[in-house]
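> Structure of the sequence below:
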Amino acid sequence: MFKNVTIYRLPQGWSPSASEMEAALSKARHVPCGATQEKSVGWVEPRGEEHGALVESIAGQRMLKLLIETKAVPGTLVREKADAEAVRIEREQGRKPGKKEMKQLREDALLALLPQAFPKKTGVWVWINLADRLLVVDASSQAKIDEVVTVLVQTFDGLAISLVQTLVTPQTAMTKWLGSDSGDEGPEEFSVLRECELCASDEEKAAVKFTRHNLEIEEVRRHIAQGKLPTRLALSWNDRVAFTLTESMQIKGIKFLDGVFDDRSDDAAGFDTDVALATGELVRLIPALVEALGGELVAGAAAGDSGDE
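So this is what the prediction gives:
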């Protein structure tokens, strides 16, 4: 839970009750892939209990879970089956199938093979914080994030969300934090850890990665002076949460540090405890990070080009 998050702002006045959300989610409940279906997307029970609630309210937070189920057939198998059918047609009818017919043969081969394919299931957590008007999607790839957002907008009438953006871009701030030779430019409440990635913006896109490496060195500053800018940087917040900040404001590789989950139990309330503890940390980390990046960018304003206020 909560490994790679992207943060969205909910619109003013959007505050459905749990029962209203449940009714909307139930209309888009997940249905397993059919025999010849390649993909099925829908909402499932966050607790994993069959026929349970689709929205969980815990410590003032709402938790949802989207299930993305896909079935894939290797392209080589599809081509082999279609080619075998083309050989049969040529042998029995004395003609070679044309491009249009070969396309149909491949489609038929895929439909014939799909019932034998094993489904791959991926669950994506969605956290809704109505009090702070935040919606958090726990996914790593942009394609998956976009898919979750699309389903959310389709599920809840009138829902329009926007990415949380800051006055100082993450890349500008990370450049300032790493480029200083005094070591006192780091963000308050945050510590720079030992991993980062720098990438040039020219056509060659030259990149360098530092892993388990002291970043307060001349080599890092030299790469920045040469035009390589940070695309990701490992940070920790108050020695409680470690993560990697990306240039697009994603928080990746989240790790809750020693002490955060000391009160977790293994009983039936474990899910509630995990949600309460995790959201309790993130609900403080997120505004602290936004503040470290100059505050939130409001509609009509322009992101700062530098970290100077």
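> Please name the residues that touch V241.
For V241, the contact set (CB atoms under 8 Å, 6 or more residues apart in numbering) comprises I254, K255, F256, L257, V260, E281, L282, L285. C-betas here are computed from N, CA, C, even on glycine.
> Repeat the analysis, applying 7 Å as the threshold.
Taking CB atoms under 7 Å, 6 or more residues apart in numbering as the criterion, V241 is in contact with I254, F256, L257, E281, L285.
> Leaving aside the residues adjacent along the chain, what's closest to the last one?
Using CB to CB, 6 or more residues apart in numbering and skipping residues adjacent in sequence, the residue nearest L285 is W237, 4.9 Å away.
> Return a ChimeraX selection command for the buried portion of the contacts of V241.
Applying 16 or more other CB atoms under 10 Å to those, the buried members can be selected in ChimeraX as follows:
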select :254,256,281,285
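> where's the residue nearest the centre of the chain relative to F156, distance?
Residue closest to the average C-alpha location in the chain (CA atoms, centre = their mean): A139, at 2.3 Å. For A139, the distance to F156 (CB to CB, to the nearest Å) stands at 18 Å.
> first to last residue in stretch 152-170, what's the distance?
26 Å (CA to CA, to the nearest Å).
> whoops, stretch 197-209 was the one
Rule used - CA to CA; the end-to-end distance of stretch 197-209 is 4 Å.
> That stretch: how far from the chain's middle?
Put simply, stretch 197-209 sits 23 Å off its chain's centre (CA atoms, centre = their mean, to the nearest Å).
> so which helix or strand takes in D108?
helix 99-113 (DSSP states H and E).
> who's in contact with that helix?
For helix 99-113, using CB under 7 Å, 6+ apart, the contacting residues are T36, V73, L77, V78, K81, A82, E85, A86, P97.
> Export those residues to TSV and append columns for neighbour count.
Below are the contacts of helix 99-113 laid out as TSV (neighbours: other CB atoms under 10 Å):
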residue	neighbour count
T36	13
V73	18
L77	14
V78	20
K81	18
A82	22
E85	19
A86	16
P97	18
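> and of the residues you listed, the nearest to E203?
V78 (36.4 Å; CB to CB).
> which other residues reach the helix or strand where the closest one lies?
Here V78 sits within helix 75-93, counting by DSSP H and E. Contacts to helix 75-93, defined as CB under 7 Å, 6+ apart, come from residues K96, P97, M102, L105, R106, A109, L110, A112, L113.
> So among those residues, which ones count as buried?
Applying 16+ other CB under 10 Å to the contacts of helix 75-93 flags P97, M102, L105, R106, A109, L110, L113 as buried.
> measure the third one to V153 for me?
Distance of L105 to V153, computed by CB to CB: 38 Å.
> one step back: need the contact list for the residue nearest to the centre of the chain.
If you count contacts by CB under 7 Å, 6+ apart, A139 has them with N4, V124, I145, V148.
> one step back: may I see the contacts of helix 75-93 organised as a markdown table, with pLDDT added?
Shown next, in a markdown table, are these (pLDDT from 0 to 100):
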| residue | pLDDT |
| --- | --- |
| K96 | 87 |
| P97 | 86 |
| M102 | 86 |
| L105 | 84 |
| R106 | 85 |
| A109 | 82 |
| L110 | 80 |
| A112 | 80 |
| L113 | 77 |
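> right, and out of those residues, which lies closest to A292?
Nearest member of the contacts of helix 75-93 to A292, counting by CB to CB, is L110, at 49.4 Å.
> so how far is W43 from the closest one?
L110 is 28 Å from W43, by CB to CB.
> which strands and helices sit next to the longest helix belonging to the chain?
The longest helix of the chain (DSSP state H) is helix 270-292. The contact analysis (3 or more CB pairs under 7 Å, 6 or more residues apart in numbering; DSSP states H and E) places helix 270-292 against strand 56-58, strand 61-71.
> quick one: low-confidence parts of the protein?
The model of the chain has pLDDT under 70 over residues 181-185, 263-269, 299-309.
> Any idea how far apart the tips of stretch 147-165 sit?
OK, stretch 147-165 end separation, CA to CA: 20 Å.
> Same check on stretch 124-142?
13 Å.
> Next up, the contacts around the closest residue to K205 other than its chain neighbours.
Using CB to CB, 6+ apart and skipping residues adjacent in sequence, the residue nearest K205 is C199, 6.1 Å away. By CB under 7 Å, 6+ apart, the residues touching C199 are K205, A207, K228, L229, T231.
> now C199, what's its secondary structure?
Under DSSP: H, G, I helix; E, B strand; the rest coil, C199 falls in the strand class.
> hey, what's it bridged with?
Note on C199: beta-bridge partners A207, L229, judged by DSSP bridges.
> any idea how far it is from S15?
41 Å.
> repeat for S40
30 Å.
> end-to-end on stretch 26-44?
From start residue to end residue, stretch 26-44 stretches across 9 Å - CA to CA.
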